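Asks: the following comprises the amino acid sequence and a computationally predicted model.
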Amino acid sequence: MVSGSSWGRYPRVQQRVVPVLDREDGLALPGDGGSVLPHGNGRSYGDSCLNPDGTLLASRALDHFLDFDPATGIVRCEAGATLADIIDIALPSGWFLPVTPGTRYATVGGAIGNDVHGKNHHRAGTFGHHVRRLQLLRSDGTRLELAPGDASGLFEATMGGLGLTGFITWAELQLRRVPGPWIETESIRFDNLDEFFSLSRESAGGFEYTVAWIDCLASGKHLGRGHFLRGDHAPGNPQAATPSSAPRRSIPMVPPVSLVNRLTLRPFNTLYYWRQPARRARHVSHYQSYFYPLDSINHWNRMYGPRGFLQHQCVLPPETARDATAALLAEIARSGRGSFLAVLKEFGDRPSPGMLSFPRPGTTLALDFPNDGPQLLKMLDRLDRIVGDAGGAVYPAKDARMSGALFRQAFPAWEAFSRYIDPRFSSGFWRRVME
C-alpha cells in the first residue's frame, strides 16, 4: 500500500498502484478479491479516482497512437494518452479537440470516465459526444468494442461512468477542424449577476466559447460581478511555432499554510476585477493561455498548503439558476471564504450521452476552497442544500464529500447504471455515495 491523493490533495488514502504496460495484457486483479479502479493522470479533484485499501490500475503507460487520419481528423489512441498528446499530433494538420476541460493533462480515459465539458458546451456538448468507439476490458477478460447507440447500453454507462464499468484500453475520437492555434477573444467587465445572464444569452448564438470569472466575495448590488470571456478560433498557420507544452513556472514545495486565504483573496479579487481599465477589451490569445492558464504552473495545487483544497462545482436548472446562484454567492460572501478560481457558465440544451454525465441544461458554478477543516465542510454542506433545493447537481469528478442522498437525487439514473458496474471495480467515491 502507498499513500495517495487526487489533484485536490484531499483526501489522502492508502491504496496499491499496479501499472498496465500493454493493452493486450489482462488485468492484474488482486488475489484477495479486492477491488480495482482505472487511474489516468489523477486530475480529478476528489475521490472518484481513488480506491482506498484497494488497487489502482495505472494507465499512463498506454499512451500510444494507433491511427490518425489528417484528412478526416479521426484519431485512435490508447486511453493513457493525454489531451496534450492529441493536440501535439493533430494541431499541425489543422485539427483540435472538439471539447476540452481546463487542463490538457487529463488522459483520454479520464475524459471519457468523467464525460468532461468545456467552454463550448452550448455548441459541442460533452467530450462523449465526439467518441466514435472504444474498447472496454472487463474483469472476466472480456473485451468489448462499444459505440454510441450500442444495444447493451454499456457505452452509455461507460461515458461519464467514473471508471466503474471496466478498463478502457483505447478510444477513437472525431476532432474538429481549426484554422490555427489562436483564439480571438473579447473580455467584458460586468457589474452583477443579472448582467452575466444577459451577456450569456447574447453570446451563445455568436461565439463558440463562453465563460465568466466572478468575484465571489462581492456582495450587495455587486453580487456576481466579474469578467465575461467569449471567443472563436482565429485565422493563423496551424504549423506556426507554438509555446512549449511544458509548464514555464513551478511551485517547488508545499508551503506550511495555504497561500490562498482570507488575507490574500479579497485584494486579489478586487485587483483582478479592475485589471482591465476598459469595460470591453479584444485580443488574440494562444490556445494554451486561453484554455489552460493553470497548466503553465507546475504543481499549482501545492499553493493550497499541506491540507489541500476542495472544489465545489454544481449545475442549476434554468428555472432556478439565477436565484440559486445568487444564494450560493451570498452564502460564500457571508462566510468570507472566497475563491480566486471562480467560474460561471451556462450549459447548452444538448443531452449528455452518459447515464451519470454531469452537464445538463442550466448554469454551472465552480469554486476552489483551501481546506481549513470542519468549518469549510459545514459551509459546503450549506451550499449543497441550496443546490439540492434548486434541483441541481454536484460534479462527481470534483467532489470529495457530498452526501449519498444528494447524489442519488441529482443522478436518478444511478440505479440503472449500477447494473453495468464491473463486479471487481469500485472507488472511494462510489462506496461513499452508496452508503
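Replies: On my side now, so go ahead. Residues are numbered from 1 along each chain as shown.
Asks: now do the buried residues in stretch 45-60.
Replies: 45-52, 54-60 (16 or more other CB atoms under 10 Å). C-betas here are computed from N, CA, C, even on glycine.
Asks: for that stretch, give the mean pLDDT please.
Replies: The average pLDDT for stretch 45-60 rounds to 97.
Asks: one more: stretch 322-342?
Replies: Averaging pLDDT along stretch 322-342 yields 92.
Asks: ok, now stretch 3-13?
Replies: Summarised as a single mean, pLDDT over stretch 3-13 is 96.
Asks: span of that stretch from start to end?
Replies: Stretch 3-13 has an end-to-end distance of 6 Å (CA to CA, to the nearest Å).
Asks: just the buried residues of that stretch, please?
Replies: Neighbour count says stretch 3-13 has 4-11, 13 buried, by 16+ other CB under 10 Å.
Asks: kindly report the same for stretch 397-412.
Replies: So, applying 16+ other CB under 10 Å, buried residues of stretch 397-412: 397-403, 406-407, 410-411.
Asks: now do stretch 302-317
Replies: Applying a neighbour-count criterion of 16+ other CB under 10 Å, one finds 302, 304-305, 307-316 buried in stretch 302-317.
Asks: closest to residue 32 out of these?
Replies: Using CB to CB, residue 308 is the member of those that lies nearest residue 32, at 29.8 Å.
Asks: check contacts around the nearest residue to that closest one once chain neighbours are set aside.
Replies: Computed as CB to CB, 6 or more residues apart in numbering, the closest residue to residue 308 that is not its neighbour in sequence is residue 9, at 3.0 Å. Residue 9 sits next to 301-302, 304, 307-309 when contact means CB atoms under 8 Å, 6 or more residues apart in numbering.
Asks: then residue 9 would be within a helix, right?
Replies: No - using DSSP: H, G, I helix; E, B strand; the rest coil, the assignment for residue 9 is coil, not a helix.
Asks: how much space between it and residue 299?
Replies: 10 Å (CB to CB, to the nearest Å).
Asks: from the buried residues of stretch 302-317, pick the one nearest residue 180.
Replies: Closest approach to residue 180 among the buried residues of stretch 302-317 (CB to CB): residue 313, at 31.0 Å.
Asks: can you check the pLDDT for that closest one?
Replies: We note a pLDDT of 98 for residue 313 in this prediction.
Asks: which stretches of the stretch 101-250 of the chain form helices?
Replies: Applying DSSP state H, counting those that start in this stretch to the stretch 101-250 of the chain gives helices spanning 108-113, 121-124, 154-158, 193-204.
Asks: brain fart, the stretch 251-400 of the chain
Replies: All helices of the stretch 251-400 of the chain, identified by DSSP H, counting those that start in this stretch, fall at 262-273, 287-291, 318-335, 374-389.
Asks: average pLDDT across the shortest one?
Replies: Right, the one you point to is helix 287-291. Average pLDDT, helix 287-291: 95.
Asks: and that helix, how far from the chain's centre?
Replies: With CA atoms, centre = their mean, to the nearest Å as the basis, helix 287-291 stands 16 Å off its chain's centre.
Asks: what residues of that helix count as buried?
Replies: For helix 287-291, using 16+ other CB under 10 Å, the buried residues are 287-288, 290-291.
Asks: which strands or helices does it pack on?
Replies: Counting by 3 or more CB pairs under 8 Å, 6 or more residues apart in numbering; DSSP states H and E, the packing neighbours recorded for helix 287-291 are strand 182-190.
Asks: picking up where we left off before, okay if I get the buried residues of helix 287-291 as a markdown table plus distance to residue 172?
Replies: Formatted as a markdown table, the buried residues of helix 287-291 follow (distance: CB to CB, whole Å):
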| residue | distance to residue 172 |
| --- | --- |
| 287 | 23 |
| 288 | 25 |
| 290 | 27 |
| 291 | 23 |
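Asks: excluding its backbone neighbours, what's nearest residue 281?
Replies: The shortest distance from residue 281 to any non-neighbouring residue, by CB to CB, 6+ apart, is to residue 187 (4.9 Å).
Asks: let me redo that: residue 226
Replies: residue 214 (3.6 Å).
Asks: re the thing from before, which one among the buried residues of stretch 397-412 gets closest to residue 109?
Replies: Nearest to residue 109 among the buried residues of stretch 397-412 is residue 397, at 12.9 Å by CB to CB.
Asks: now the nearest residue to the closest one once chain neighbours are set aside: how far from residue 37?
Replies: Among residues not flanking residue 397 along the chain, residue 114 sits closest, at 4.1 Å (CB to CB, 6+ apart). Using CB to CB, residue 114 is found at 13 Å from residue 37.
Asks: which among the helices of the stretch 101-250 of the chain is found nearest to residue 145?
Replies: Residue 145 lies closest, by CB to CB, to one member of the helices of the stretch 101-250 of the chain: helix 154-158, at 9.8 Å.
Asks: contact partners of that closest one?
Replies: In contact with helix 154-158 (CB under 8 Å, 6+ apart) are residues 112-113, 134, 136, 144, 146-149, 165-166, 168, 353-356, 417, 420.
Asks: export the helix or strand of the chain with the lowest mean pLDDT to PDB, keeping only CA atoms.
Replies: Lowest on mean pLDDT, DSSP states H and E among the helices and strands of the chain sits helix 262-273, with a mean of 85. Extracted C-alpha coordinates of helix 262-273, given in PDB (Å, rounded to 0.1, in the frame of the first residue of the first chain):
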ATOM      1  CA  ARG A 262      -8.700  35.400   3.800                       C
ATOM      2  CA  LEU A 263      -5.800  37.900   3.800                       C
ATOM      3  CA  THR A 264      -4.900  37.300   0.100                       C
ATOM      4  CA  LEU A 265      -8.300  36.600  -1.500                       C
ATOM      5  CA  ARG A 266     -10.100  39.900  -1.200                       C
ATOM      6  CA  PRO A 267      -7.300  42.100  -2.600                       C
ATOM      7  CA  PHE A 268      -6.600  39.600  -5.300                       C
ATOM      8  CA  ASN A 269     -10.300  39.500  -6.400                       C
ATOM      9  CA  THR A 270     -10.500  43.300  -6.300                       C
ATOM     10  CA  LEU A 271      -7.300  43.800  -8.300                       C
ATOM     11  CA  TYR A 272      -8.300  41.100 -10.800                       C
ATOM     12  CA  TYR A 273     -11.700  42.700 -11.400                       C
END
